[in-house]
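In: sharing a model prediction with you, sequence too.
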Amino acid sequence: QQALCPAGPGADSEEEDEEWPSLEKAAAQRGDAGGKVEVDPEDEKAIEMFMNKNPPLRRTLADIIMEKITEKQTEVETALSEISGRPMPQLDPRVLEVYRGVREVLSKYRSGKLPKAFKIIPALSNWEQILYITEPEAWTAAAMYQATRIFSSNLKERMAQRFYNLVLLPRVRDDIAEYKRLNFHLYMALKKALFKPAAWFKGILIPLCESGTCTLREAIIIGSILTKCSIPVLHSSAAMLKIAEMQYSGANSIFLRLLIDKKYALPFRVVDALVFHFLAFRTDQRDLPVLWHQCFLAFAQRYKEDLSSEQKEALLELLKFHSHPQISPEIRRELVNSKTRDVEGQQPVAME
């Protein structure tokens, strides 16, 4: 029971929570932190054309976690039964009682210390099962932020990825869908989750793009985190490679453009993948959204000198298939008046 009560004023001073003052300070500047996002109806309509028409059934968070737990439990039970001839024991009723108490605390949590029983969850081998008892879908947004801090710091990368994908991402998407904006604490949770960039990309960004159902509003809000945070080039390169190779949906252009605008020195393999990403649209008969043209322009501006002459010719040819009255002339100008990577010391000359 002690684990469920906040500690006294003098207790546990080494674990004093330093996050809240900075969170409050950030709240004073929360103007653009997941606030109300104005979305152009035309852009939204264009993005919807490229959404997955038959998305996979969206299950609730509890369904996903329970399925994973059952699958793992069955696997472990079978292994243990084979070794010892005895089935795996169920959770101790006292443990259940403690974590049901934690659930009550987290469903009303606003600020202050978290129960110690919750802080030790990342150290448990059956952390997903314990997490399920606390009902993450019932946590307050402030509790989700604190949980993300704890899990991103203490879980291994693969486990953090599962937490981001099964707990944080569904909550963020539901919040945006319901309120047309993202709660400040959930926005800060997404920023804090970037503490493990690989887990963030694999658990949040890539699944969001692969779902084919990412809305313009979701892409703008989650994309703003990419703009504000510093991300190592290797993680961003891997994400760009993955997004460039996956089936296109409108939101992919937003995330690619934001990553391109970070002006990384990209490996040629990633630059080539981005070129093939654009060239794949030569046979696409649909009218592409402005977001696609903006992404193409950003790519031409940042990486024009990392392209070979053949790639430039192919991209210029692409402009004949898909053109935009304002953006395409800019792209053409960038590609034509720049050096190519396959000729050393070459002066920029106009290409035919």
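Out: Happy to help now that I have it. In this text, all values refer to a predicted model and were calculated from it rather than measured experimentally. Numbering: from 1, shown residues only.

In: buried set for stretch 329-344?
Out: For stretch 329-344, the neighbour count (16 or more other CB atoms under 10 Å) marks 331-332, 334-335, 338-341 as buried. All C-beta spots, glycine's among them, are computed from the backbone N, C-alpha and C.

In: got JSON lines for the residues you listed, with distance to Glu67 and pLDDT too?
Out: Formatted as JSON lines, the buried residues of stretch 329-344 follow (distance: CB to CB, whole Å; pLDDT from 0 to 100):
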{"residue": "Ile331", "distance to Glu67": "46", "pLDDT": "95"}
{"residue": "Arg332", "distance to Glu67": "51", "pLDDT": "95"}
{"residue": "Glu334", "distance to Glu67": "49", "pLDDT": "94"}
{"residue": "Leu335", "distance to Glu67": "49", "pLDDT": "94"}
{"residue": "Ser338", "distance to Glu67": "52", "pLDDT": "87"}
{"residue": "Lys339", "distance to Glu67": "54", "pLDDT": "88"}
{"residue": "Thr340", "distance to Glu67": "51", "pLDDT": "88"}
{"residue": "Arg341", "distance to Glu67": "48", "pLDDT": "81"}
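
In: just put these in CSV and tack on distance to Lys263 and secondary structure.
Out: Listed next are those as CSV, based on distance: CB to CB, whole Å; DSSP: H, G, I helix; E, B strand; the rest coil:
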residue, distance to Lys263, secondary structure
Ile331, 18, helix
Arg332, 22, helix
Glu334, 15, helix
Leu335, 18, helix
Ser338, 16, coil
Lys339, 17, coil
Thr340, 19, coil
Arg341, 17, coil
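
In: pick out the most distant pair among these.
Out: Arg332 and Arg341 (18.8 Å; CB to CB).

In: quick check, nearest of the buried residues of stretch 329-344 to Tyr164?
Out: Among the buried residues of stretch 329-344, and counting by CB to CB, the member closest to Tyr164 is Ile331, at 35.3 Å.

In: just checking, that closest one touches Cys295?
Out: No. When contacts are counted by CB atoms under 8 Å, Ile331 is not listed as touching Cys295 (10.6 Å).

In: what's around Lys242, how many residues?
Out: 16 (other CB atoms under 10 Å).

In: that one against Ala198, yeah?
Out: No. Using CB under 8 Å, Lys242 makes no contact with Ala198, being 11.6 Å away.

In: off-centre distance for stretch 172-190?
Out: 13 Å (CA atoms, centre = their mean, to the nearest Å).

In: just the terminal-to-terminal distance for it.
Out: 9 Å (CA to CA, to the nearest Å).

In: quick one, helices of the stretch 151-300 of the chain?
Out: 157-163, 169-179, 184-193, 197-200, 206-211, 216-228, 233-245, 250-260, 268-279, 290-303 (DSSP state H, counting those that start in this stretch).

In: output the fourth one as CSV, nothing but the C-alphas.
Out: What that stands for is helix 197-200. What follows is helix 197-200, C-alpha atoms only, in CSV (Å, rounded to 0.1, in the frame of the first residue of the first chain):
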residue,chain,number,x,y,z
PRO,A,197,15.3,8.0,-31.9
ALA,A,198,15.3,4.5,-33.5
ALA,A,199,12.4,3.3,-31.3
TRP,A,200,10.6,6.6,-32.1
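
In: which residues does that helix contact?
Out: 152, 157-158, 160-161, 164, 193-194, 231-232, 235-236, 238 (CB atoms under 8 Å, 6 or more residues apart in numbering).

In: mind putting the residues you listed in JSON lines, neighbour count included?
Out: Output for the contacts of helix 197-200, formatted as JSON lines (neighbours: other CB atoms under 10 Å):
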{"residue": "Ser152", "neighbour count": "22"}
{"residue": "Glu157", "neighbour count": "14"}
{"residue": "Arg158", "neighbour count": "12"}
{"residue": "Ala160", "neighbour count": "25"}
{"residue": "Gln161", "neighbour count": "22"}
{"residue": "Tyr164", "neighbour count": "27"}
{"residue": "Ala193", "neighbour count": "26"}
{"residue": "Leu194", "neighbour count": "19"}
{"residue": "Ile231", "neighbour count": "17"}
{"residue": "Pro232", "neighbour count": "11"}
{"residue": "His235", "neighbour count": "17"}
{"residue": "Ser236", "neighbour count": "20"}
{"residue": "Ala238", "neighbour count": "17"}
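
In: ok, so of those residues, who is nearest Ile254?
Out: Taking these together and measuring to Ile254 by CB to CB, the closest member is Ser236, at 14.7 Å.

In: which residues does the closest one contact?
Out: Ser236 makes contact with 197, 259, 262, 264, according to CB under 8 Å, 6+ apart.

In: and for Lys119, the neighbour number?
Out: The burial count for Lys119: 16, using other CB under 10 Å.

In: so Ser107 sits against Glu137, correct?
Out: No. Ser107 lies out of contact with Glu137 (CB under 8 Å); the separation is 9.8 Å.

In: quick one: the closest residue in space to Pro232 that isn't next to it in sequence from Thr140, how far?
Out: Take Pro232 and drop its neighbours on the chain: the residue closest to it by CB to CB, 6 or more residues apart in numbering is Pro197, 6.0 Å away. From Pro197 across to Thr140, the span is 27 Å (CB to CB, to the nearest Å).
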